[in-house]
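Predicted coordinates and the sequence they were generated for:
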Amino acid sequence: MLKKNTLHTITCALFVALILNSCQHSDLLKQAESNKAPKALETFYSGDITKIDSLEIMSGSDGYTKNTTDSRLIQDWIEKIRHLNIILDPELEDTSGVLFHVTMFKQGKAVFYMTPTDINHQQIEPQDELADLMTELYQTIYQL
């Protein structure tokens, strides 16, 4: 009789553990789905992104860095990128290299960093439109 009660208790405990594990897995899936909701790029910057006063862009292919303090160029570029839809993807595997790194500065202090696969060191789904706009920025600064 004792063996039967012990077996029943173990079976019930395993069943409860299975149910709890399923609930937790469901919550993790919901959380992962909510993190995958698109957010405007500017929401990843805690301040007013239009207050950026200089940019540095580094080519991932040769490491060459270009800087600008041209306020018109900076504001025009920010206006192009600020509403891009960004989706966080913490499960994305690290990439071995990127096309460009852009660092934004406010009064000489680095305040925002991005690549086409990373916003402030948070992995994002690759953003082709952002990559194209970075290429455009790099070429524009190069011509100045």
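Good, I have the coordinates.

those helices in the protein, which residues are they?
Using DSSP state H, the helices found in the chain span residues 2-35, 71-81, 128-143.

Now do the domain split for the protein, please.
Following automatic domain parsing, one gets these domains for the chain: 1-35, 39-143.

Buried deepest among the ones you listed, which one?
domain 39-143 (a mean of 15; mean count of other Cβ atoms under 10 Å). The way it works is simple: take the backbone N, C-alpha and C, and place the C-beta from them, glycine included.

How far off centre is that domain?
Centroid separation for domain 39-143 versus its chain: 11 Å, with Cα atoms, centre = their mean, to the nearest Å.

before we move on, back to that, need the least confident one among the helices of the chain, by mean pLDDT.
When those are compared by mean pLDDT, helix 2-35 comes last with a mean of 52.

any idea how far the nearest residue to residue 126 once chain neighbours are set aside lies from residue 57?
Once flanking residues are discounted, residue 126 sits nearest to residue 117: 5.2 Å by Cβ to Cβ, 6 or more residues apart in numbering. Using Cβ to Cβ, to the nearest Å, one obtains 15 Å as the distance from residue 117 to residue 57.

Ok, residue 131 next?
For residue 131, the distance to residue 57 - Cβ to Cβ - is 12 Å.

anything in contact with each of the two?
residue 100 (Cβ atoms under 8 Å, 6 or more residues apart in numbering).

For residue 73, which non-adjacent residue is closest in space?
residue 140 (6.5 Å).

Might one say that that neighbour is in contact with residue 72?
No: Residue 140 lies out of contact with residue 72 (Cβ atoms under 8 Å); the separation is 11.0 Å.
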